[in-house]
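> predicted model and sequence below, questions to follow.
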Amino acid sequence: MAPIRDDTVTDLKDLVAKLEIRVRQLEDRLGRDGAKPRTPSQSMRMILMGPPGAGKGTQAPKIKDKYCVCHLATGDMLRAQVAKKTALGREAKKIMDQGGLVSDDIMVNMIKSELATNQECANGFILDGFPRTVAQAERLDQMLKEQQQPLKHAVELQIDDSLLVARVTGRLIHPASGRTYHKIFNPPKEHMKDDVTGEHLIQRTDDNAETLKKRLGTYHAQTAPVVSYYQKKGIWSGVDASQEPGAVWKSLLGVFGEEKPAHTGMGSSILSKIGLKS
Ligand code: ADP
Ligand code: AMP
């Protein structure tokens with residue numbers, strides 16, 4: 001047998017930690033609904049709002065995992081069009097690099113088509129980056145009313161503009177999956193490489209201080225009124241997004257009326273039983 005080295009132990013610990021997280025997620029799903037398919041009234045249908053860099057793309061995958069719903073990020077969808085160099089992608093890139101908004105018609109149709117065809121949306125959805133104008137919000141409401149599937153939550157990640165420069169200029173993304181890292185706050189294990197696929201990470205062309213200023217201007221002028229729109233509808237909740245990511249997640253669970261799962265689940269005891277955890 002090869003000699004045991006420090007990095008062998010570290011790798012094993014890493015693997016066990018990942019397994020524990022996965023087991024907890026699966027237990028949580030089973031414990032919550034016995035893995036039964038959800039009815040429309042049980043499913044999660046929500047929007048995640050907040051300025052660029054607030055943490056929507058960081059938190060949404062956790063919500064997606066917990067509720068088995070789709071995560072529709074309109075910015076990611078547009079960037080996919082840009083990467084494919086479609087006519088829409090070419091037009092959108094100009095607007096995105098100027099910090100403006102793509103037309104309501106295009107965005108509403110994009111969401112409409114995803115909700116109708118994406119199998120992952122069968123249990124519900126998280127909309128991230130949509131709606132960004134009151135007109136988009138009204139058209140979304142109309143669409144969901146026709147399907148008798150109204151929104152349950154409109155969560156606003158609240159954070160001061162001054163904290164966003166560091167977050168946005170340090171952001172790294174894995175374009176294929178939308179996974180997000182940060183040079184300082186959440187660095188990848190290997191420099192500029194995605195933890196899961198090992199593929200190269202990139203910085204968005206609009207993630208610079210100058211474009212961010214314009215994007216924030218657009219947010220306050222056109223998207224902030226969407227907050228009042230959902231406040232009036234009675235489904236708005238605010239979460240302090242300046243906290244560390246784990247605390248933001250805990251606050252989100254509070255909004256959904258869920259307790260953070262205990263860390264003493266079956267997964268831990270199985271690992272103890274097989275001698276992998278004391
Ligand atoms: P959004 O999707 O709202 O634009 P992201 O989730 O992509 O924002 O987060 C922007 C950057 O800030 C990313 O690099 C991410 O790793 C980092 N980040 C996200 N949440 C936090 C947090 N709570 N504290 C510190 N950095 C964070
Ligand atoms: P995001 O990835 O959410 O930061 O979005 C990046 C850019 O895509 C934005 O600055 C807008 O130019 C464009 N965009 C994304 N979502 C929308 C939307 N719902 N309406 C209009 N433009 C959008």
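Arrived safely, thanks for sending. In this text the structure is predicted, and so the values were computed from the model without any measurement. Numbers count the residues shown, from 1 in each chain. Ligands and ions are numbered 1, 2, ... in the order given.
> ligand 2 contacts on this structure?
Contacts of the chain with ligand 2, taken as CB under 6 Å from any ligand atom, map to 52, 74-75, 78, 95-96, 99-102, 107, 129-130, 132, 136, 215. Backbone N, C-alpha and C define where each C-beta goes, glycine included.
> which of those sits closest to ligand 1?
Using CB to the nearest ligand atom, Pro52 is the member of the residues of the chain next to ligand 2 that sits closest to ligand 1, with 4.7 Å.
> in space, what's closest to the closest one - neighbours in sequence excluded?
Leaving aside its sequence neighbours, Pro52 sits nearest to Arg215 (CB to CB, 6 or more residues apart in numbering; 4.9 Å).
> what is the neighbour count of the one you found?
Neighbour count of Arg215, defined by other CB atoms under 10 Å: 23.
> just the buried residues of the strand or helix carrying it, please?
Here Arg215, judged by DSSP states H and E, is contained in helix 209-218. Buried positions in helix 209-218, judged by neighbour count with 16 or more other CB atoms under 10 Å: Thr211, Leu212, Arg215, Leu216, Thr218.
> same question, stretch 72-81
For stretch 72-81, burial by neighbour count (16+ other CB under 10 Å) applies to Leu72, Ala73, Thr74, Gly75, Asp76, Met77, Leu78, Arg79, Gln81.
> for the fourth one, which non-adjacent residue is closest in space?
Closest residue to Gly75 in three dimensions, ignoring its sequence neighbours and counting by CB to CB, 6+ apart: Gly129, at 4.7 Å.
> for that neighbour, give me phi and psi.
With angles defined as degrees, to the nearest 10, Gly129 sits at phi 90, psi 10.
> with the one 3 residues further on instead?
Here is the backbone geometry of Arg132 (degrees, to the nearest 10): phi -110, psi 0.
> follow-up on the earlier one: off-centre distance for the helix or strand following the helix holding Arg215?
Per DSSP H and E, the first helix or strand lying C-terminal to helix 209-218 is helix 224-233. Counting by CA atoms, centre = their mean, to the nearest Å, helix 224-233 is centred 21 Å from the centre of its parent chain.
> ok so, going back, which of the buried residues of stretch 72-81 sit farthest apart?
Farthest-apart pair in the buried residues of stretch 72-81 is Leu72 and Gln81; separation 14.1 Å (CB to CB).
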